[in-house]
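Novice: what follows is a predicted structure for the sequence shown.
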Amino acid sequence: MNARRSVWFAARACALGLTAALLAQSAAAAGSDQLRQFLTQIKAASGEFTQRVTGPNARAGAKAQNSSGKFTFLRPGRFRWTYEKPYEQVLVADGEKLYMFDKDLNQVTVKKLGAALPASPASILFGTSEFEREFDVKDAGTRDGIEWIDAHPRKKDTTFERIQLGFRDGLPAAMQLVDTFGQTTQLTFVNVERNPKIDPQGFKFTPPAGADVLEDK
């Protein structure tokens, strides 16, 4: 009887272990699946974001930089990323160029969109539908109901060392970026609307009168 019971417990433990492994694999695959769904099925979106930037000495009590704003995007390669608080800044991509406007400085920086990747969180997430050509993607499991992936730039001469993207219901919910200087940018996305009707003219940008324009050739 004891022998039979031991065999039963061993078989049960084996079955539970196999089930747990299969569930873990299923959960791990969900992040990359949602990324591909987002890239292929979501042609346009709008929403709001909050951003928190901390330096490499954040654990020692360094003050974080907090900001918030709104975004819209329309594939391929068009987006408007607007910082509303604490300072007004606008990033606009028209499919060919990325315009970065600082209202306080009255200055516009212009880059070719391809060369700007990954120069900003907006261009990383919304600038291209070929994300996996730019990044090596691995699943990173589930945290707080969000499916995460790790993404490492395939090119070595990029601004960011590591990027994490979190998805919920096929839409981006959070993002974390670590740059080459150890600075960490954390973003949270809320009120995201999938495939709304967006006027493409909203991605045209004309520098304000009198603004300094710095353009990369």
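Specialist: Nice, I can see it.

Novice: ok, then the element right after the lowest-mean-pLDDT helix or strand in the chain?
Specialist: For the chain, using mean pLDDT, DSSP states H and E, the weakest element among its helices and strands is helix 2-41, scoring a mean of 51. Downstream of helix 2-41, the next assigned helix or strand under DSSP states H and E is strand 44-54.

Novice: show me what contacts residue 155?
Specialist: Listed by CB atoms under 8 Å, 6 or more residues apart in numbering, the contact set of residue 155 reads residue 134. No exception for glycine: its C-beta is placed from N, CA and C like everyone else's.

Novice: mind checking pLDDT for it?
Specialist: With respect to pLDDT, residue 155 has a value of 76.

Novice: where does it land in three-state SS?
Specialist: coil (DSSP: H, G, I helix; E, B strand; the rest coil).

Novice: now do it against residue 133, distance only.
Specialist: 11 Å (CB to CB, to the nearest Å).

Novice: over to residue 79?
Specialist: 18 Å.

Novice: so between the two, which is more surrounded?
Specialist: residue 79 (26 against 8; other CB atoms under 10 Å).

Novice: quick check, residue 97 in contact with residue 111.
Specialist: Yes. Judged on CB atoms under 8 Å, residue 97 makes contact with residue 111 at a distance of 6.8 Å.

Novice: poorly predicted segments of this protein, please.
Specialist: Residue ranges of the chain with pLDDT under 70: 1-29, 57-62, 114-123, 127-129, 157, 217.

Novice: which residues in it form strands?
Specialist: If DSSP state E is used as the criterion, the strands of the chain fall at 44-54, 65-74, 78-85, 89-94, 97-102, 107-112, 135-143, 146-153, 160-168, 171-179, 184-194, 212-215.

Novice: what's the offset of the third one from the middle of its chain?
Specialist: In other words, strand 78-85. 14 Å (CA atoms, centre = their mean, to the nearest Å).
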